[in-house]
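model this:
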Amino acid sequence: MRRRLLSLSKELSARSDEDWDRDYVAWRWLGERSPSMGYLVACPQFALLRVGDDVHVAWDNAEIAIDGLQVWTAESGAVVLSVEDFVAECRSFADRLLASMESRIATIATGKAKPRIAVDVRALGEEREAWTQELERYFESYAPDIQWLEAESALREIAHEGGIRLSENG
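The predicted structure follows:
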């Protein structure tokens, strides 16, 4: 259903600025809850949605292929975690990533690792510090520019215009 709505939305948004604005409202809310992976050739499609005290993680990579070969083994699915468990895992990931970066920089700085290219250890340390600050910002409170009710209304308009029937629950 999501894929059909997205395709229809793109078609309609090419018609006018008004339709483009509606497309933005419809998809911005979900886009803010989907990690940016556009730098990958065949990026995975997944979204994170908080519903009450739970975080729903859903993915659909069934149609992502390169030269006819499936790119992702996790084709489609969903999992639900408590907000507490989700945030704890995100913090743990950030801590492990930063510790690994620090360890690798230290092995280069002490001469234990011998890179085959010139490496600016000071710049690597600055980059790690930038990532520390960036990751910490992810744990701050955030007010989205599009509220869910606006996004839902725009999605329902797009679905109606394309003859797609949505239930009251989704």
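
contacts and neighbour counts: CA atoms only from here.
Noted.

this protein: strands as residue ranges?
Secondary structure of the chain (DSSP state E): strands located at 46-51, 54-60, 65-66, 69-70, 76-82.

dump those into a markdown table; add mean neighbour count and mean pLDDT as well.
A markdown table is the format used below for those (neighbours: other C-alpha atoms under 10 Å; pLDDT from 0 to 100):
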| stretch | mean neighbour count | mean pLDDT |
| --- | --- | --- |
| strand 46-51 | 16 | 82 |
| strand 54-60 | 17 | 91 |
| strand 65-66 | 12 | 92 |
| strand 69-70 | 12 | 92 |
| strand 76-82 | 13 | 95 |
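
those strands: which one's closest to residue 137?
Evaluated with C-alpha to C-alpha, the strands of the chain place strand 46-51 nearest to residue 137, the distance being 17.5 Å.

quick one on the thing from earlier: mind putting the strands of the chain into CSV with distance to residue 146?
As requested, those are arranged in CSV below (distance: least, C-alpha to C-alpha, whole Å):
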stretch, distance to residue 146
strand 46-51, 14
strand 54-60, 19
strand 65-66, 32
strand 69-70, 34
strand 76-82, 24
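
look up how far residue 102 lies from residue 33.
29 Å (C-alpha to C-alpha, to the nearest Å).

oops, could you answer that again for residue 69 instead?
37 Å.

then residue 117?
When distance is defined by C-alpha to C-alpha, residue 117 is 19 Å away from residue 102.

more neighbours, those two?
Neighbours were counted for residue 117 and for residue 102 using other C-alpha atoms under 10 Å; residue 102 has more, 15 against 6.
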